[in-house]
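# need coordinates for the following:
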Amino acid sequence: MNVLETLTAATGYLEKHGVDSARLNAEHLLAHVLGKKRLDLYLAFDRPLSDAERAPLRDLIRARGTGRPLQHLLGTTEFFGRSFLCDDRALIPRPETEQLIELVLAQGPFQTALDVGTGSGVIAITLALERPDSRILATEISPDALELARENALRLAPVTPPDFQETDLLPTEASPFDRIVANLPYIATGDLPPLAREVHHDPASALDGGPDGLALIERLIRTAPPQLNPGGRLILEIGHDQSPRVKELLQTHNYRDISVHNDYQANERFVMAIYG
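Coordinates of the predicted model:
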């Protein structure tokens, strides 16, 4: 079988097993097996594939058909123009979080920033690379996720890596920050079971936000003020229907200049506020 015939067969198998964007998934997996870029396949449709090349592809296609995320099978994911290691130790970064980075950068320069619940480290590492003169600290309660974040920092930001600390939300000892950024779990516990099967390969602790989805967000809002410099901003990524409640929590805890920002799907996805 050549490249085109193999892609056609793999696409049919994935479609039969309920995988969205089946052709795109098949292309990514074949390119991964061949060590090529996906677009290179379009110049090699007639290239014959050996059994040695097709065997690992078959294994990957079968795994994708069971619902294992494409990013886990590839071992990497793209975020803000960079390739991050990605596996089941931490949440797969979502495109919306790239917009969170854009929102942080749009607020002007900062000397210090804290990424709360860093997961695979994409926010902290991206900020460290985009603002190399700033000091970035990242916290994470999961030692497995923190290990992945450190691997990503070594891979992408060996010169200016963030400082990582294993702790629950806020650092135990640190000077106040100009920015506190967080993409914390915000899915209500009762909403987890019907989510797509791919999502269930993420750690439950990276998804479960408690009964109303806001347990960790509320705790961060309540405890963050001592960690903010005067005029410092708290910038949160939240669920699409949570902005009214989050604004209420911020007002209750004496934050001001509260603003809500949409994602590209026009969902109210981000909330920003200043304390005091």
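
# now do the domain split for the chain, please.
Here the domain parsing of the chain from automatic domain parsing is 3-66, 76-275.

# distance between the ends of the longest one?
So that's domain 76-275. 37 Å (Cα to Cα, to the nearest Å).

# any idea of the mean pLDDT in it?
For domain 76-275, mean pLDDT rounds to 97.

# contacting residues around the most centrally placed residue in the chain?
With distances taken as Cα atoms, centre = their mean, the residue of the chain nearest its centroid is P93 (1.9 Å). Counting by Cβ atoms under 8 Å, 6 or more residues apart in numbering, P93 touches T77, F79, F84, C86, G119, S120, V122. The way it works is simple: take the backbone N, C-alpha and C, and place the C-beta from them, glycine included.

# with those in mind, which one is nearest to V3?
T77 (24.1 Å; Cβ to Cβ).

# could you verify that that closest one is part of a helix?
No. Counting by DSSP: H, G, I helix; E, B strand; the rest coil, T77 is located in no helix; its state is strand.

# neighbouring contacts of the lengthiest strand in the chain?
Looking across the chain with DSSP state E, the single longest strand is strand 228-237. By Cβ under 8 Å, 6+ apart, the residues outside strand 228-237 that reach it are 96-97, 100, 103-104, 107, 112, 176-184, 186, 217, 220-221, 224, 246, 250, 255, 269-276.

# please list the members of the residues you listed that lie in helices.
Of the contacts of strand 228-237, the ones assigned to helices by DSSP state H are E96, T97, L100, L103, V104, I217, L220, I221, V246, L250.

# and which of these is nearest D40?
T97 (28.6 Å).

# and the nearest residue to the closest one once chain neighbours are set aside, what does it touch?
Distances taken as Cβ to Cβ, 6 or more residues apart in numbering place N183 nearest to T97, at 5.4 Å, with adjacent residues excluded. Neighbour list for N183: T97, L100, G117, G119, I123, L236, E237 [criterion: Cβ under 8 Å, 6+ apart].

# turn these into CSV, including neighbour count.
Formatted as CSV, those follow (neighbours: other Cβ atoms under 10 Å):
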residue, neighbour count
T97, 22
L100, 24
G117, 24
G119, 29
I123, 30
L236, 25
E237, 22
